[in-house]
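In: got a structure for you, letters missing:
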């Protein structure tokens, strides 16, 4: 898959003019600006409604550009880059002197990634520099996994949208930080803790008080507008039946079919395979968010590392979607 030459040229011109461009990566669509143009980067925050303290990821065409953005590259980071780049892995490293606070949220670290999507690679190569790009959606809401999602959410605020179809992975990148000689996984993604630990020999999972702020790390994130609650796997049928009594419409996202049909329940069977479930997650939640239901019930996903990224996104979605709203009252 490649972008049409005229679309690619329009995107490069827009970036150089300080405009915003949306482009596909293998994870989700990014909302990009010239990472060396602080005013352009600040436009990302304005369009998304993103807090200034929340850092963004700088996308690079290849690992040879690391030294332009990071003043230190630990051997562990170099090994991860050699193994997983281009790919869905973000490395958080001490920033170089020329990296603006608009990129880092005022921190001394910068998040860097080399995406694998061919259109992202085309754009980065043609542009010839780093592109700062969080997900192409309103802050805290569901990430965009196709160009239609970007246009729905951001409209004319984006100068050019490069359409690469559906993102192959559909969940954001794994984020790994390096500090005090240690390696810490701060956001789960397609590249798992087990894969990283097998390569490096050691890995701490989860943030502590000294960990840098990273994208998608707030308690409430990746959320639809409709109140969403996670329900124990074995209780999903009974809970949806109870809440739909009296004709109240209820949406369900599960990894199996319902035991029986209920007229007021909109049920999506996302299947039991973690990668396919993750690929479809945001698209499914967008559909259910538009269904006009009182709430979205999500069947709790299985345990295990394969589901870690999905579990993380669902937990944050539940915290952000209709937070504080009751979904147990009778209609």
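Out: On my side now, so go ahead. As the structure is a prediction and not an experimental result, all values here were calculated from the model.
In: For the closest residue in space to residue 95 that isn't next to it in sequence, pull up the helix or strand it's in.
Out: Excluding the flanking residues, the one nearest residue 95 by Cβ to Cβ, 6 or more residues apart in numbering is residue 110, at 3.9 Å. Heads up, the C-betas are built off the backbone N, CA and C, glycines and all. Assessed by DSSP states H and E, residue 110 sits inside strand 109-113.
In: Does that strand pack against any helices or strands, and if so which?
Out: Packing partners of strand 109-113 (3 or more Cβ pairs under 8 Å, 6 or more residues apart in numbering; DSSP states H and E): strand 57-59, helix 66-69, strand 89-94.
In: From the centroid of the protein, which residue is nearest?
Out: residue 172 (3.3 Å; Cα atoms, centre = their mean).
In: Could you check the pLDDT of the residue in the chain sticking out farthest from the centre?
Out: Distance to the chain centre peaks in the chain at residue 246, reaching 37.0 Å (criterion: Cα atoms, centre = their mean). At residue 246, the model reports a pLDDT of 92.
In: hang on, it is in a helix, isn't it?
Out: Yes: counting by DSSP: H, G, I helix; E, B strand; the rest coil, residue 246 is found in a helix.
In: Can you give me the distance of it to residue 264?
Out: For residue 246, the distance to residue 264 (Cβ to Cβ, to the nearest Å) stands at 8 Å.
In: what's the domain layout of this structure?
Out: 5-205, 228-320 (automatic domain parsing).
In: distance between the longest one and the chain's centre?
Out: Meaning domain 5-205. Here domain 5-205 is found 10 Å from its chain centre; the criterion is Cα atoms, centre = their mean, to the nearest Å.
In: Could I get the full set of helices for the stretch 151-300 of the chain?
Out: Per DSSP state H, counting those that start in this stretch, the stretch 151-300 of the chain carries helices over the ranges 193-200, 236-243, 274-289.
In: Which one, of these, ends up nearest to residue 164?
Out: Residue 164 sits nearest to helix 274-289 of all the helices of the stretch 151-300 of the chain, at 14.4 Å, using Cβ to Cβ.
In: residues in contact with the closest one?
Out: Here helix 274-289 makes contact (Cβ atoms under 8 Å, 6 or more residues apart in numbering) with 28, 142-146, 149, 166-171, 190, 222, 224-226, 228, 251, 253, 255, 266, 268, 270-271, 296, 301-302, 304, 306-307, 309-310, 313-314, 317.
In: in it, what's buried?
Out: Residues 274-275, 277-286, 288-289 are the ones in helix 274-289 that count as buried (16 or more other Cβ atoms under 10 Å).
In: For that helix, give the mean pLDDT please.
Out: The average pLDDT within helix 274-289 is 98.
In: I'd like the distance between residue 135 and residue 286.
Out: For residue 135, the distance to residue 286 - Cβ to Cβ - is 13 Å.
In: brain fart, residue 206
Out: Residue 206 sits 29 Å away from residue 286, going by Cβ to Cβ.
In: just to revisit the earlier point, right, and the residue nearest to residue 95 touches residue 104 too?
Out: Yes: Residue 110 is within contact range of residue 104, at 5.4 Å (criterion: Cβ atoms under 8 Å).
In: Just the pLDDT for residue 45.
Out: Per-residue pLDDT puts residue 45 at 98.
In: ignore the last one, residue 323
Out: 54.
In: cool, residue 329 as well?
Out: The model's pLDDT for residue 329 equals 44.
In: just residue 209 next, same as before
Out: The per-residue pLDDT reported for residue 209 equals 87.
In: burial count for it?
Out: A count of nearby residues for residue 209, using other Cβ atoms under 10 Å, gives 4.
In: Likewise for the one 5 residues further on?
Out: A count of nearby residues for residue 214, using other Cβ under 10 Å, gives 22.
In: now the strands for the stretch 151-300 of the chain?
Out: Along the stretch 151-300 of the chain, the segments classed as strands by DSSP state E, counting those that start in this stretch run 160-161, 174-179, 182-187, 204-205, 228-231, 250-254, 265-269, 295-299.
In: Pairing partners for the first one, with directions?
Out: According to DSSP bridges, strand 160-161 forms sheet pairs with strand 21-24 (parallel).
In: Buried residues in the partner strand, which are they?
Out: Of all the residues in strand 21-24, those buried under the rule 16+ other Cβ under 10 Å are 21, 22, 23, 24.
In: Now do that strand, average pLDDT.
Out: 98.
In: and what of stretch 132-145?
Out: Mean predicted lDDT for stretch 132-145 stands at 97.
In: what's the straight distance from one end of it to the other?
Out: Stretch 132-145 has an end-to-end distance of 18 Å (Cα to Cα, to the nearest Å).
In: in it, what's buried?
Out: By neighbour count on 16+ other Cβ under 10 Å, the buried set for stretch 132-145 is 132-137, 139-145.
In: Perfect, I'm done here.
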